[in-house]
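Undergrad: Here is a sequence together with a model predicted from it:
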Amino acid sequence: MSGTVLLYDPTAPRHEDKQTVWRSLSGLTGKVVGFVDNAKPNFDHLVDDLADLLMSKYGVSRVIKRRKRSASVPAPTAMIEELTGQCDLVITGSGD
């Protein structure tokens, strides 16, 4: 049996030319936390619970939640720019 097999590379493109800036937080009080939901089942429920906990127990001032259209694609550039411009910390996750 012969035929064509189409393979997809699920890895995100690498941006070698961009600088990575790392900074640490001294605490979460008053900070804005972002979540990137990768669209897998149940992550939205986990994020809701984590957001409540971060705000009530750790003093996070605001939580921003954004959802990718699929787990197999990178977050859109506009989403990344929005979150990096507004958040002190961004958490990405997976459900199931």
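TA: Received, thanks. Numbers count the residues shown, from 1 in each chain.
Undergrad: all strands of the protein, in order?
TA: With strands called from DSSP state E, the chain shows them at 32-37, 62-67, 89-93.
Undergrad: Out of those strands, which one sits most buried?
TA: Of all the strands of the chain, strand 32-37 carries the top mean neighbour count, a mean of 20, counting by mean count of other C-beta atoms under 10 Å. C-beta here means a position set from N, CA and C on the backbone, and glycine is covered the same way.
Undergrad: how much distance is there from that one to the middle of the chain?
TA: Relative to its parent chain, strand 32-37 has a centroid offset of 6 Å by C-alpha atoms, centre = their mean, to the nearest Å.
Undergrad: Does anything pack onto it? Which helices or strands?
TA: Strand 32-37 sits against helix 43-58, strand 62-67, helix 77-86, strand 89-93, with contacts defined as 3 or more C-beta pairs under 8 Å, 6 or more residues apart in numbering; DSSP states H and E.
Undergrad: and among these, the most buried is which?
TA: Highest mean neighbour count among the helices and strands packed on strand 32-37 (mean count of other C-beta under 10 Å): strand 62-67, a mean of 16.
Undergrad: what's next to that one, contact-wise?
TA: With contact meaning C-beta atoms under 8 Å, 6 or more residues apart in numbering, strand 62-67 is reached by 32-37, 39, 44, 47, 51, 54-55, 75, 79, 82-83, 86-87.
Undergrad: Just checking: what are the partner strands of it?
TA: strand 32-37 (parallel) (DSSP bridges).
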